[in-house]
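K.L.:
my questions are about this predicted structure, shown below with the sequence.
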Amino acid sequence: MRETGEINDRYQSLLRSRQLSDVVQPYQQFLKQLPDEKTIQAVVARRRLQIQAVIGGTDQDWSDWKWQLKNRIRDSRVLGKILGLSELETRRIDRVSQVYRWAISPYYLSLVDEDYENSPIYRQAVPDLRELLPGGSLDPMNETQTSPAPCITRRYPDRLIINVTNQCAMYCRHCQRRRNIGEQDRHACKDDILQAIEYVEQNHEIRDVLITGGDALLLSDRMLDYLLNRLYQTEHVEIIRLGTRTLVTLPQRITPELCKIIKKYPPIYINTQFNHPLEVTPEAKLACDRLIEAGAVLGNQAVLLRGINDRPYIMRRLNHKLLQIRVRPYYIFHAKDVKGTRHFQTSIQDGLDIIASLRGHTSGLAVPTYIVNAPGGLGKMPLMPNHIVHLDDDKAVLRTWEGKLVEVPNRKHG
Ligand code: SF4
């Protein structure tokens, strides 16, 4: 009798396993269509040679973050030479650049593949005429009215942001803080940073400080060391976070010297922004490895962008690749209604569909929280596909990840 039961259990398990394998097949097929890692790296190496042929620089220069920063590409003719752009395309870039600045690190530009117009890297980096379309706000989060001290943005009870610079290795075309980019790179002056630190010191409920910009890691090692040290000495500050996209756009910034500084002030959480699987490169992995060895905890805050990562399988691939380099997918941000970025916007339903395509289909670790920011700086709103079909004092009817309806009791006992 028992044997029959076991055979039946095994048969049912095999049947279920077969069903589950079938569910993942379309994604497996999708992966087969992608170029393999070797092919991608060969394309990147070719592009890098093209860049070096135009702007110069040795291989040693290439791995020096200061060289990368100094040699950011910001002239449409130089970009045109590297990518083979037409005269019309360079003129369009010039037109947009009269309104919005652009600059691309040579490293990030080397990730643009041959079909440059459709490249998710090109689209994030190179000005597009649609940036000049009307609509959107330059400050949808009302940051200018949530700044109780220089450099500070405070929107929540126990945490705040210190904005230390407007400089970035690459000026993302979808940037939600593009009003800060301005015409020139500018670090906050020491006096303003001191006032920000004093504000934190005087407000004992602040237990979590996010240093960002621009890009927090574009501060000099010396300034960063000073700032981290002051916050670390502040008893009520329990954790420090750093907002940086250098892991994606300038991984050379993560030097052993920087890591020595990071190691002194645990716990440090680093939030970065990988938006596409092509950004997860061997250089990015090395940067993450170094930071993790220095004790930092890494999380990713992707932005959902039309034409870049708004397809569910791209997002799944991105999250899987991030877990492989020990970066936890943390948030997917719905793009805010920022002036000049509307062509990147998706619908909220697109975001919900992506979460539905992840939940249950892959490890919970690979499922970030989808966030819509309330306009006016009123805070983050996490959104989930609706799993509750019915709820009363007695029971709940819930929808599983496969769409099956199940009933669970909803009673307090005792
Ligand atoms: S790195 Fe961040 S702050 Fe800098 S341009 Fe990109 S999105 Fe904006």
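P.N.:
Thanks, I have it. Numbering: from 1, shown residues only.
K.L.:
which residues touch the host helix or strand of residue 60?
P.N.:
Here residue 60 sits within helix 59-62, counting by DSSP states H and E. By C-beta atoms under 8 Å, 6 or more residues apart in numbering, the surrounding residues in contact with helix 59-62 are 48, 52, 67-68, 71, 106-107, 252. C-beta here means a position set from N, CA and C on the backbone, and glycine is covered the same way.
K.L.:
okay, these in TSV with pLDDT next?
P.N.:
Listed next are the contacts of helix 59-62 as TSV, based on pLDDT from 0 to 100:
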residue	pLDDT
48	98
52	98
67	98
68	98
71	98
106	98
107	98
252	98
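K.L.:
which residues touch the nearest residue to residue 276 once chain neighbours are set aside?
P.N.:
With C-beta to C-beta, 6 or more residues apart in numbering as the measure, residue 120 is the residue that lies nearest to residue 276, at 4.2 Å, once sequence neighbours are left out. Applying C-beta under 8 Å, 6+ apart, one finds that residue 120 lies in contact with 275-276, 278, 307-309.
K.L.:
which residues does the residue in the stretch 251-400 of the chain positioned nearest to the ligand contact?
P.N.:
Using C-beta to the nearest ligand atom, the point where the stretch 251-400 of the chain gets nearest to the ligand is residue 273, with a distance of 6.3 Å. In this structure, residue 273 makes contact with 245, 248, 300-303, judged by C-beta under 8 Å, 6+ apart.
K.L.:
backbone phi and psi for residue 220, please?
P.N.:
Backbone geometry at residue 220, expressed as degrees, to the nearest 10, gives phi -70, psi 160.
K.L.:
what do you get for residue 325?
P.N.:
The phi and psi values for residue 325, taken as degrees, to the nearest 10, are phi -100, psi 20.
K.L.:
count of residues packed around it?
P.N.:
By the other C-beta atoms under 10 Å criterion, the neighbourhood of residue 325 contains 20 residues.
K.L.:
give me the phi and psi angles of the closest residue to residue 257 other than its chain neighbours.
P.N.:
Counting by C-beta to C-beta, 6+ apart, the nearest residue to residue 257 once its immediate chain neighbours are dropped is residue 221, at 5.8 Å. Dihedral angles phi and psi of residue 221 (degrees, to the nearest 10) take the values phi -50, psi -40.
K.L.:
re the thing from before, and the residue nearest to residue 276, how far from residue 382?
P.N.:
According to C-beta to C-beta, to the nearest Å, residue 120 and residue 382 sit 25 Å apart.
K.L.:
same question for residue 242.
P.N.:
In this structure, residue 242 and residue 382 are 23 Å apart, going by C-beta to C-beta.
K.L.:
which one's more surrounded, the two?
P.N.:
Neighbours were tallied for residue 242 and for residue 382 using other C-beta under 10 Å; the higher tally belongs to residue 242 (25 against 10).
K.L.:
and the residue in the stretch 1-150 of the chain that the ligand sits nearest to, how many neighbours?
P.N.:
When distances are taken as C-beta to the nearest ligand atom, the stretch 1-150 of the chain approaches the ligand most closely through residue 124, which lies 8.3 Å from it. Residue 124: 29 surrounding residues under other C-beta under 10 Å.
K.L.:
buried set for the helix or strand hosting residue 291?
P.N.:
For residue 291, the enclosing helix or strand under DSSP H and E is helix 282-293. Within helix 282-293, the residues scored as buried using 16 or more other C-beta atoms under 10 Å are 283-285, 287-288, 290-292.
K.L.:
quick check, nearest of the residues you listed to residue 142?
P.N.:
Minimum separation from residue 142 among the buried residues of helix 282-293 (C-beta to C-beta) is found for residue 291, which lies at 32.3 Å.
K.L.:
looks like the closest one contacts residue 263 (just checking).
P.N.:
No. With contact defined as C-beta atoms under 8 Å, residue 291 and residue 263 do not form a contacting pair (9.6 Å).
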